[in-house]
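Novice: Compute the structure for the input listed below.
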Amino acid sequence: MASRLVIESVLRPYDLGPTQWYVLHQLANAGATPQRDLVRMLQVERATLTGVVAALVRKGLVEQTPDSADQRQKVLSLTPAGAALWRELPDPIARIVEVAFDGVSQPDIDTTTRVLRTATGRLTDLLSERRET
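Specialist: Model prediction:
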């Protein structure tokens, strides 16, 4: 919860929410991405992502184009305005890491990362099992 509040406070001056930032992050770092893939990556409901994408399109930051293989699907990419905003945005994740782990040794950070990655993977597997049932 504290991490989310930090992310929100860093992004508020840019009129962005955390999920909008994650969409921009994906598009800035991986390039054009099918919208359906973002549902899985961000682990959000399709309706939630639809609203997030609509807001980004309305702000002129993201463009939706039909997928060449399936015209019903949309591919998202950054607009020039979105790319320009991305270049000026502070990284809220870097800010969290900087504050939260200040003075913590690298071996302790590595152990924490390994433990949290394992725990998150187990929880994700549990959720996947429940969806299949």
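
Novice: Every contact and neighbour count from this point should use C-alpha atoms.
Specialist: Will do.

Novice: list the contacts for Pro18?
Specialist: Shown in contact with Pro18 (C-alpha atoms under 8 Å, 6 or more residues apart in numbering): 4, 7-8, 11.

Novice: can you redo the residues you listed as JSON lines with neighbour count?
Specialist: Formatted as JSON lines, the contacts of Pro18 follow (neighbours: other C-alpha atoms under 10 Å):
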{"residue": "Arg4", "neighbour count": "14"}
{"residue": "Ile7", "neighbour count": "21"}
{"residue": "Glu8", "neighbour count": "18"}
{"residue": "Leu11", "neighbour count": "19"}
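
Novice: Among those, which one lies nearest to Leu85?
Specialist: Leu11 (11.5 Å; C-alpha to C-alpha).

Novice: ranges for the strands of this structure?
Specialist: 33-34, 62-66, 74-78 (DSSP state E).

Novice: Within the sheet, what are the partner strands of the shortest one, with directions?
Specialist: Taking DSSP bridges as the criterion, strand 33-34 forms sheet pairs with strand 74-78 (antiparallel).

Novice: how much does the strand it pairs with deviate in direction from strand 62-66?
Specialist: Interaxial angle, strand 74-78 versus strand 62-66 (axes from the mean of the first three to the mean of the last three C-alpha atoms, to 10 degrees): 150 degrees.

Novice: got a list of contacts for strand 74-78?
Specialist: For strand 74-78, contacts defined as C-alpha under 8 Å, 6+ apart pick out 24, 27-28, 31-36, 61-67.

Novice: For that strand, buried residues please.
Specialist: Residues 74-78 are the ones in strand 74-78 that count as buried (16 or more other C-alpha atoms under 10 Å).

Novice: Check the average confidence over that strand, would you?
Specialist: In this model, strand 74-78 has a mean pLDDT of 95.

Novice: Skipping adjacent residues, who's closest to the spatially most central residue of the chain in space?
Specialist: The C-alpha lying nearest the average C-alpha coordinate of the chain belongs to Tyr22 (C-alpha atoms, centre = their mean; 2.1 Å). Spatial nearest neighbour of Tyr22, excluding adjacent residues (C-alpha to C-alpha, 6 or more residues apart in numbering): Leu42 at 7.6 Å.
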